[in-house]
Structures are given as structure tokens and as C-alpha cells.
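Participant: dropping the sequence and predicted coords here.
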Amino acid sequence: MEHVTDKKLWAHSGDSHILEPDDLWFQILPKDLAERMPRTELISENEERVTVDGKSFTRPLPRIFTKRGSNGLTIAEMSSRPPGARDVRARLHDLDEEGIWAEVVYASIGLWCSLIEDKALIRAAAHAENEWLASEIMGAAPDRLVPAALMPLLDVDDAVAEVAHAAGLGLKILSIPTGVAPGLKDWNHDYWEPLWAAAEEAGMVVGFHIGTDGPDQVVHGGPGGAVLNFLETSYGGQRAAAKLVAGGALDRHPDLKVLVSEGGATWVPFVGDRLNEAYRQHAAFVRPQLSALPKEILYRQVYASFQHDETAPAAMWAMGYRNVMWGSDYPHAEGTYGHTQKTLHELFDDLDADVRHRMMVGAFEELFPHVSRPPTS
Ligand code: MN
């Protein structure tokens, strides 16, 4: 086996974030709309207030932020570092240091846009934000930075229109929350069929970042709450992917690809087995019928990114799931900033070269063939 222990490794990342400028909405939207857009403020050492279109709620900060994180930074330091979290040129420097080449870039504050309830507001915001993402983020390094488009998802016609706009700007992936807005049909319903058709037609990946089910991120209290709530964020991505498989969307659109970011990868074989068992053993109740077993469709069209999970590589080499993708989650506390090389070596050094290459580079390039190659891979 090739000895890679001392070599600098390079990987693409299926999961990272930009911290938007504090005044972003005021830069890109008229003042009366900007004032209604999401903002967060720290109100104590343990809590932040999120305000969206006049409605506020507080949420406890994940515990890791109130202590020293694994990267040794305190909360004050975390908010100011790494500098590349806010500054795209500093970001490219950080990526070079860490050994990350291309990456999918999700929003931070923008993820709260799924709580907007006014169709006109989210339509205007998505239109403006996607132009900003294309020029300011993708524009800084079009062969490396792959920003995920903000989507208006209160109305399927608005969503379809924004797919065309975002694709026209050169964006390659749609940021779609794992949970639909209250009162709307869920992702497995035919209501969304025009959206999947538009995304397939435009060659846009459907990006589900975990933890976007809705405002209720705190499901568990009491002993173990912080750990249990973190676990809980994983399930939304699994449910969303399963809905697109079981509801038939991925079967009807075989060129449509889904990326579930930050949720690990070992769940895919497990969920595939469960879907197959239901499809086979409960065949009399199954609608719609699919042209292939659900696990086959899941394996074919759903990609999954993980950052530290020790068992994720085995989903590929032991369980035949080839769409395992590494992700840094830069610059978040769950991510690998500051120890990316150590993590990459621990995860991948002992694997066969083709398996390693697939998880670090190949699966990403399949979704985003326009990116350039890492310096060595
Ligand atoms: Mn992430």
C-alpha cells in the first residue's frame, strides 16, 4: 500500500459555511425588506436571540461554544476566527493551509430564511442573495467555491423560477431545508414535482444541510441534552432523502442528485435496507411503485458528507455505498478547522487508494465536474 502518512493531503469538502457580513441584507435589499430579514444576536454566554420578520425566539448556544472547543478557541475567539469565515480571500488561505481544495458553501444566517413566512420577502431575498453569492463568493474562485443557492420554498412556482435564475448565475447547488415550511406539503408529495424537474433539467444538485428541520432545534432537555440534540439534527437529512426516494422523485428524475451535508454517511446503507424491507415485505401497500429497489436509487443518487465519523469510510468499502464524501464543516465547531490534516490522515491513510480518492475527491467531482483538481490527489 502506498505510504501517505507524511504527505499533505488534499480533499474537496461537501460541507462548509460562509458567515455573511452583518449588513448583508442592507447591502443587497431595499431597507424595508432588509429590516425583516433574519438576524441573530448573542444575549448571554449561553443564549442567542434569532429574529425573523418581527418574530423572535431565543435558543441555547450549543454547549461546545460555551467552553473551549476542540480547536482550543473560546466563544469570543470563535466568533472572530478563523478570519476566512467572513473574508473570502482569507478563506482561500485557510483552505490552502488545511488542505481543502473545492467546497460546497452554505449560508449561516441565511439558513434561518426558511422561517420567513412571506412569499414576496423570500422571493426577493433569494433573488438578491444568489446574485451576491455568485459574484462575491463563487466569483472569488469559481473553480473552488460552490455556494448553495437560497431558495424561496413557500410556493413551488417561485422555487422553479429561482432554479432558473440561480442556474443562469452559474450556481450549481440548491440549499433546501430538510423540513418544509408549516402548512405546506412535504417533500414526498407531487406538489414539488416541478421543482425536482427544474433542478434535474438545470443540472442543479439538491443540497440538504442537516439541522434545517425548523426552529425547534432543542428537542431534548436534561442529562445528555447537548449530545442528544446534536444526534437529533442528523435525522432530518435521512428523512428528506428517504422522502425523495420513496415518493418517487428520484426515480422519475434519474439525473437528479441529492447531497446530504454534515449528517454522516453510514446511515445510507441502514436506511436503504429499511426502505427495501418495507418495499418488499409490504408490497401490497406500496405506492408509487419504483423502477428499482429504493436502496438502489438511494445509493445511485444520494451523496452524504461526514467530517469525523470513524465508520463512514466503511459505508463505502464494506457496504458498497460509493457516494461517501468528506466535508470539513468549516468554520464550525463540529468541523475540522485547525486539525484537518490529522483528521484526513486518521480517516484515510489505511484505505485503498481508489476508496480514499473517491471519498476525498471523486464523489465531489461527480456532483461538481466544473471544479479544478487539488494540487495533488
Ligand atoms: Mn455544515
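Facilitator: All right, it came through fine.
Participant: all strands of this structure, in order?
Facilitator: 11-17, 39-42, 47-52, 55-60, 100-106, 145-150, 173-175, 205-209, 258-261, 302-306, 324-326 (DSSP state E).
Participant: can you add distance to the ion and mean neighbour count and give those back as TSV?
Facilitator: Any C-beta I mention is one placed from the backbone N, CA and C, and that applies to glycine too. Below are those laid out as TSV (distance: least, CB to the ion, whole Å; neighbours: other CB atoms under 10 Å):
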stretch	distance to the ion	mean neighbour count
strand 11-17	4	29
strand 39-42	16	14
strand 47-52	17	16
strand 55-60	17	13
strand 100-106	6	25
strand 145-150	11	27
strand 173-175	11	27
strand 205-209	6	26
strand 258-261	6	28
strand 302-306	8	28
strand 324-326	12	29
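Participant: dump those strands into CSV; add mean pLDDT as well.
Facilitator: Below are those laid out as CSV (pLDDT from 0 to 100):
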stretch, mean pLDDT
strand 11-17, 97
strand 39-42, 86
strand 47-52, 88
strand 55-60, 84
strand 100-106, 97
strand 145-150, 98
strand 173-175, 98
strand 205-209, 98
strand 258-261, 98
strand 302-306, 98
strand 324-326, 98
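Participant: export the ones you listed to a markdown table and tack on distance to residue 349?
Facilitator: Converted to a markdown table, the strands of the chain look like this (distance: least, CB to CB, whole Å):
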| stretch | distance to residue 349 |
| --- | --- |
| strand 11-17 | 13 |
| strand 39-42 | 39 |
| strand 47-52 | 39 |
| strand 55-60 | 37 |
| strand 100-106 | 17 |
| strand 145-150 | 27 |
| strand 173-175 | 30 |
| strand 205-209 | 28 |
| strand 258-261 | 24 |
| strand 302-306 | 17 |
| strand 324-326 | 13 |
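Participant: right, and those - which one's nearest residue 275?
Facilitator: strand 302-306 (11.2 Å; CB to CB).
Participant: can I get that closest one in CSV? Just the C-alpha atoms.
Facilitator: Output of strand 302-306 as CSV, limited to C-alpha atoms (Å, rounded to 0.1, in the frame of the first residue of the first chain):
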residue,chain,number,x,y,z
VAL,A,302,-27.9,10.5,-2.8
TYR,A,303,-24.4,11.6,-1.7
ALA,A,304,-23.6,12.1,2.0
SER,A,305,-20.9,14.1,3.7
PHE,A,306,-19.3,13.5,7.1
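Participant: that strand packs against which elements?
Facilitator: Counting contacts by 3 or more CB pairs under 8 Å, 6 or more residues apart in numbering; DSSP states H and E, strand 302-306 packs against strand 11-17, helix 225-246, strand 258-261, helix 267-281, strand 324-326, helix 363-367.
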